[in-house]
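Visitor: Here is a sequence together with a model predicted from it:
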Amino acid sequence: MYTKDGERYFIVDAHIALWDARPDNQRNIHGKQFIDCFYDYHRNLSPDSEVWPYEDYLYQGGARLMKDLFEDGYVDHAIFQPAHLGAFYHRGFGQTEEAFALAQAHPDKLTYNHFWDPRFEQAGLDQLRRDAEHFGLKGVKLYTAEWHGDSRGYKLDDPWSYRYLEAAQELGIRNIHVHKGPTIRPLDRDAFDVADIDKVATDFPDLNFVVEHCGLPRLEDFCWIATQEPNVHAGLAVAIPFIHTRPRYFAQIIGELLYWLDENRIQFSSDYALWTPRWLIERFVDFQIPEDMTEYAPLTTAQKKKILGLNAAAMYDIPVPAELQLPREEPQAVAVA
């Protein structure tokens, strides 16, 4: 929980990871390219006081994660959104067993989402059913630009993708988080295009599609899709650190999202360990859209409370203490059954 000026905020960090990019896990040069690109984002968008040494960045470990999020970072609950990247890392980039063990040990603080890749076809579909039971999945994280054999990406509206989404619906996996953001070296920019969100959101109205990174640098395309698809949500991972380096750019991002989607479909995410949540939460609570940007309305405390935690809590049925909820006249996001 975070408290500022007498206001208390229930914090859900809706996009975190526990990764291992150490040299012994790098399968090829692309593993190093990927983590180096991550580190460039971290170093260039963070305050100097928040920049980690490169060696620490390769692998943070569960103990540090718990401290950074829950002891130092004000977070009340966090959701793992792992990327596998098996073409680049021997043991995978996201550390499934360690992350899931943490979630099992701290179910009040952590939710574990898993991943799938429809290019594994029937074998992967069978694995999804086993994973849903093993992990108790409520959500998944999809990386449409991931490499697999000769393929350098897939689309959500591919035939096998539809079969996986149908299975997810059947299995009660209702929250589909999709990386649709900046290109990460060596992945391909076009494989993160947001256009396929439009079709699947229409065809699967009982699923929530959380577009991580809110489509950047395709914000306009994303907003035009999300405004007509009520089950499309925006994740602020990667967008929110611009509050430090490019505050007017961040004002434009959040202003556009609030105009097109409103505050009920936007979720705070630190993208840990790309960034740690403490400074992001502090900056966001203090942030206000500049007065000369008159096309955007001022941010309200109620909007900030929804974005920082109440929206994701509703989506994942995370209990929120009564004193941290908004009054009844402030409607909150409702989970899709």
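Guide: Perfect, I can see it now.

Visitor: excluding its backbone neighbours, what's nearest residue 30?
Guide: residue 88 (4.6 Å; C-beta to C-beta, 6 or more residues apart in numbering). Bear in mind the C-beta positions are built from the backbone N, C-alpha and C, glycine included.

Visitor: And for the one you found, the neighbour number?
Guide: 25 (other C-beta atoms under 10 Å).

Visitor: Wait, residue 206 touches residue 173, no?
Guide: No. In this structure, residue 206 is not within contact of residue 173 by C-beta atoms under 8 Å, at 11.0 Å.

Visitor: At which residues are the helices of this structure located?
Guide: Using DSSP state H, the helices of the chain run over 29-45, 54-58, 61-66, 96-105, 121-135, 159-171, 195-203, 219-226, 242-245, 247-260, 277-286, 301-305, 311-315.

Visitor: For residue 266, find the nearest of those helices.
Guide: Nearest to residue 266, of all these, is helix 247-260, at 5.4 Å by C-beta to C-beta.

Visitor: looking at the protein, which residue lies furthest from center?
Guide: Residue farthest from the centre of the chain, counting by C-alpha atoms, centre = their mean, is residue 292 at 30.6 Å.

Visitor: Can you report phi and psi for it?
Guide: Here is the backbone geometry of residue 292 (degrees, to the nearest 10): phi -80, psi -10.

Visitor: What separation is there between it and residue 300?
Guide: 19 Å (C-beta to C-beta, to the nearest Å).

Visitor: now do residue 121
Guide: 48 Å.

Visitor: Repeat that for residue 137.
Guide: Going from residue 137 to residue 300 by C-beta to C-beta gives 34 Å.

Visitor: the more surrounded of the two?
Guide: For residue 137 versus residue 300, neighbours defined as other C-beta under 10 Å are more numerous around residue 137 (21 against 12).

Visitor: rewinding a little: mind listing what the residue nearest to residue 30 touches?
Guide: Going by C-beta atoms under 8 Å, 6 or more residues apart in numbering, residue 88 touches 26, 27, 28, 30, 31, 34, 147.

Visitor: run the last query once more with 6 Å
Guide: Going by C-beta atoms under 6 Å, 6 or more residues apart in numbering, residue 88 touches 27, 30, 31, 34.

Visitor: Surely the first one touches residue 91?
Guide: No. Counting by C-beta atoms under 6 Å, residue 27 stays clear of residue 91, with 9.3 Å between them.

Visitor: okay, residue 206 and residue 173: which has more neighbours?
Guide: More crowded of residue 206 and residue 173, by other C-beta under 10 Å: residue 173, with 23 against 9.

Visitor: Just confirm the more buried one contacts residue 141, I think it does.
Guide: No. Applying C-beta under 6 Å as the test, residue 173 and residue 141 come out as separate, 11.2 Å apart.

Visitor: so where's the chain shaky on pLDDT?
Guide: 329-337 (pLDDT under 70).

Visitor: Can you get me a residue count around the residue lying closest to residue 75 once chain neighbours are set aside?
Guide: Spatial nearest neighbour of residue 75, chain neighbours left out: residue 69 (4.3 Å); criterion: C-beta to C-beta, 6+ apart. Neighbours of residue 69 under the rule other C-beta under 10 Å: 25.
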